[in-house]
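Asks: would you be able to build a 3D model of this:
(2 chains)
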Amino acid sequence: MNHLEVYLLVGAVLFVLGLFAVITRKNAIAVLMGVELILNAANINFVAFSRFSSTSLDGHIFAIFVIIMAAAEAAVALAIVLNIYNNLKTVNVDEASSLRG
Amino acid sequence: MILYAYLILLLPLLAFVVQMFFGKRLPRQGDFVSVAAVLLTLALSMAMMGMMFLLFDSGFSLEHRMPWIDIGNFQVSVGVFLDNVTIIMLMVVAVISSLVHIYSIGYMEGDPGYWRYFGYLSLFTFAMNGVVLASSFFTIFIFWELVGLSSYLLIGFWYKKDSASNAGKKAFLVNRIGDVGMLIGIMLVWSVIGSFNFQEIFQSAEAGTLRGSTLTIAGVMIFCGAIGKSAQFPLHVWLPDAMEGPTPVSALIHAATMVAAGVYMTVRIFPMLTADAQLVIAYVGGFTAMFAAIIAITQNDIKRVLAYSTVSQLGYMIMALGVGHYVAGFFHLVTHASFKALLFLGSGSVIHAMHHGLHKEGDHETDPQDMRNMGGLRHKMPVTFVTFLVATLAISGVPFTSGFVSKDAILAGSLAYALAHPSHFLLPVFGFGAAIFTAFYMFRQVFMTFYGEPALPEVHRHAEESPQVMTVPMGILAVLSIYIFYVLPSLNPFGAEGWFTMLVTKPMTVAGAHTAEVAEHFAHLLHNTHLPAMILSLVMAFTGIVLSYLFYLRKTLKADRWADAISPLYRLSFNKFYMDEIYNNGLVRPFLNVCRAIAVFDMDWYDKVIIDGFAYVTRGISRISRWIDDYVVDGFLVNGLGRIVLWAGALVRLFQTGRLQNYLLIMLFGVILIFAFVVF
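Replies: Numbering: from 1, shown residues only, chains lettered A, B, ... in the order given. Below you'll find the model as predicted:
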């Protein structure tokens, strides 16, 4: 099990699942969850490449940054979703179209 | 003195400008501006006159020049030229002009164009002073035309009256004919000598650059200007019509100053006149003197008689210059100015009274200027009568008047000329003939106006003497018609020898017209003819007066019967020798017909065939051009491009759904495609 390809495969599966969720879900919360999956897929790749191809800890550090950023992003995005719900009584992303030209 | 001259020139111009821009809003409509300006020029002229007497130099002359136009070889300078003739002429203009200004305050009172009138008078005074002071043909011509312009404006002053505006146009056009001749003469002189300046031209002619027939033609051509301005035959027709203007204007412009400008100009160019040119001038003048005097006999309009009398007297002056009696010509100009202005002011006073009387009667049909409606006015208007009588005596040539001395000098000159050249005996015949007619028609006028029974008693009852502002200038002019002012320090009423003849002397001719012997011979003859000429002219004046007395006062000779007896002659004179009709039928009408024919050609041929043809072709080309524009340029290029853009936009729009998820999907496909390209 100690092969880079295994980790990359897991990361790729996670990324595709996340992307699928982002593209197909109508629910804003589900879209956000997809985004989290994509971020974490990237994190797995960072850590895997750092573990197998470098002596430094750059990949690990970067993964931690991404986690922090993801937390902040989730906070802001959830706030936006709550506000959308307050105003439109829905979390369907297709119906939040009042800014469309 | 130069400064004075420039001030005299420019003060009236200033008054004109002020009057034109602010006259209407000034108190009293600004008449005081013009009057003050002209009185200042009078004071300055008097000062110059005083200086002239202090110097008492017959050869005095002064010139001031400044460059004006300087283009390559073409150089023109402007400036003033002063000699005794100029100073005397300035004085004449200033005196008559001031008196007429003052008289006008009374005469023009209440006229709606009062301010305009005084503005024009100032413009005229400016222009006239310019003519007098001019030192070159260039400047004299400019002021010459300005004088013509102000004359036009003043003749047509009551422009709402058709006859007045027509008279103004006639005066302007007839003058133009003479001016064209003058311009040709000036250009001829310039083309040979290359200068406009009088002194330079005389010097150059003396050196022999301009001589013979060219000089004769130049002289006669320039004299054409004088024929127009001084109303000599055949261009005299405008002056009688010019009487449509206000009477003070007639006195100033059409009797004393402007019409004398022609004579003055001839005086100025006298040195360059050849013997042949002088002969032409003498005959023009002599014939005009006789011709106009004959017409004046039968006219009934008080101002028309005076107009023809002016033409006749100007003929005298011109004739005097022609026969070479330079001093007499200019002398008569000066003396004539005061008594003729006085006659006009007097007639103005009479017309004023008649107008007043007719107005009171509510009669607007009767002509206030027709002498047949007057009569017996001497008790009603004593001042007008006395001054008018003085002027009449002067113009008729009765001793102790200024007219006697000057006219006598001219007649003596013409007699001397005839003695020297017996073939030209007609000139003194013209002169003496005109003298008898002058006395006749002037006394006819006095008798018809002031003596006898009033023709319209009720109008006569209302007639009254004019206000002092009008009678005082007349009084001054009457005093100036006495001989003594012109012959001091001599007191001899029968000779012209005095300050005038001492200060104004015949200039040396540069044209070879008179050698020293000829001049001496002429002077000798002049001396001999003085007494016979005087006796003859006295006889003539006396005959004229007696005839007039018999016809119009005693009525022992019946004017009507005599008119019938010589009916063809009478009708010729009454209709002014049909000059107006001749000009109308011989010149104006054919000219109009030619114009009309050209107009028809223009309308029916030129317009219809050529102009319309061009238009038709242009329209055809335009139509093709429009088709190309509509279908090719607009339809295919402009709209085509637009349609392509529209269509492309509609296509691209399909991708722009606004859904992020669609975009992500497309991105995903894009990434897969790139990945596929990179890997395979």
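
Asks: drop to CA atoms for contacts and neighbour counts, all remaining ones
Replies: Fine.

Asks: go through chain A and flag its longest helix.
Replies: Counting by DSSP state H, the longest helix found in chain A is helix A:58-88.

Asks: how about that one against chain B, any contact?
Replies: No: judged by CA under 8 Å from any CA of the partner chain, helix A:58-88 and chain B are separated, with a smallest distance of 15.3 Å.

Asks: quick one: distance of that helix to the chain centre.
Replies: Counting by CA atoms, centre = their mean, to the nearest Å, helix A:58-88 is centred 9 Å from the centre of its parent chain.

Asks: tell me what that helix is packed against?
Replies: helix A:28-53 (3 or more CA pairs under 8 Å, 6 or more residues apart in numbering or on different chains; DSSP states H and E).

Asks: and residue 57, how many neighbours does it have?
Replies: Chain wasn't specified; assuming chain A. 11 (other CA atoms under 10 Å in any protein chain shown).

Asks: switch to chain B, that's the one I care about
Replies: B:Asp57 is flanked by 14 other residues according to other CA under 10 Å.

Asks: and if you look at A:Glu95?
Replies: 11.

Asks: so it, which state does it fall into?
Replies: What DSSP: H, G, I helix; E, B strand; the rest coil gives for A:Glu95 is coil.

Asks: where does the prediction get shaky in chain A?
Replies: Within chain A, the stretches with pLDDT under 70 are A:1, A:100-101.

Asks: in it, what residue is nearest chain B?
Replies: A:Ile23 (4.7 Å; CA to the nearest CA).

Asks: quick one, what contacts that residue?
Replies: A:31, B:661-662, B:664-665 (CA atoms under 8 Å, 6 or more residues apart in numbering or on different chains).

Asks: again, 10 Å this time
Replies: A:17, A:31, A:34, B:659-665, B:668 (CA atoms under 10 Å, 6 or more residues apart in numbering or on different chains).

Asks: I figured B:Ala166 hits B:Leu153, correct?
Replies: For residue B:166 the amino acid is Asn, not Ala. No: taking contacts as CA atoms under 10 Å, B:Asn166 lies outside contact range of B:Leu153: 11.5 Å.

Asks: is whatever residue of the stretch 301-450 of chain B ends up closest to chain A in a helix, a strand, or coil?
Replies: The nearest approach of the stretch 301-450 of chain B to chain A comes at B:His364, 88.5 Å away (CA to the nearest CA). Three-state call for B:His364 (three-state DSSP): coil.

Asks: would you mark the buried spots in the helix or strand in which B:Ala523 is found?
Replies: Assigned by DSSP states H and E, B:Ala523 falls within helix B:516-552. Within helix B:516-552, the residues scored as buried using 16 or more other CA atoms under 10 Å in any protein chain shown are B:519, B:522, B:525-526, B:529-530, B:533-534, B:536-538, B:540-552.

Asks: ok, stretch B:198-205 next?
Replies: Using 16+ other CA under 10 Å as the test for burial, stretch B:198-205 gives B:198-199, B:201-202, B:204-205.

Asks: so how far is that stretch off the chain centroid?
Replies: Centroid separation between stretch B:198-205 and its chain, computed with CA atoms, centre = their mean, is 27 Å.

Asks: are we agreed that B:Pro112 is in a helix?
Replies: No: when the secondary structure is assigned by three-state DSSP, B:Pro112 falls in coil instead of a helix.

Asks: residue contacts, B:Leu651?
Replies: Taking CA under 10 Å, 6+ apart, we find B:Leu651 in contact with B:Val645.

Asks: and what of the one 5 residues further on?
Replies: With contact set as CA under 10 Å, 6+ apart, B:Gln656 has these partners: B:662-663.

Asks: secondary structure class of it, three-state.
Replies: coil.

Asks: distance of it from chain A?
Replies: Separation of B:Gln656 from chain A (CA to the nearest CA, to the nearest Å) stands at 11 Å.

Asks: one more: B:Ile666?
Replies: Per CA to the nearest CA, B:Ile666 is found 10 Å from chain A.

Asks: B:Met243 now?
Replies: Distance, B:Met243 to chain A, by CA to the nearest CA: 89 Å.

Asks: can you pull the pLDDT of that residue?
Replies: Looking at B:Met243, its pLDDT is 85.

Asks: and if you look at B:Leu133?
Replies: Confidence for B:Leu133, expressed as pLDDT, is 90.

Asks: what is the burial count for it?
Replies: Neighbours of B:Leu133 under the rule other CA under 10 Å: 26.

Asks: measure the residue lying closest to it once chain neighbours are set aside to B:Ala559 for me?
Replies: Nearest residue to B:Leu133, sequence neighbours excluded (CA to CA, 6 or more residues apart in numbering or on different chains): B:Val80, at 5.1 Å. As judged by CA to CA, to the nearest Å, B:Val80 and B:Ala559 stand 53 Å apart.
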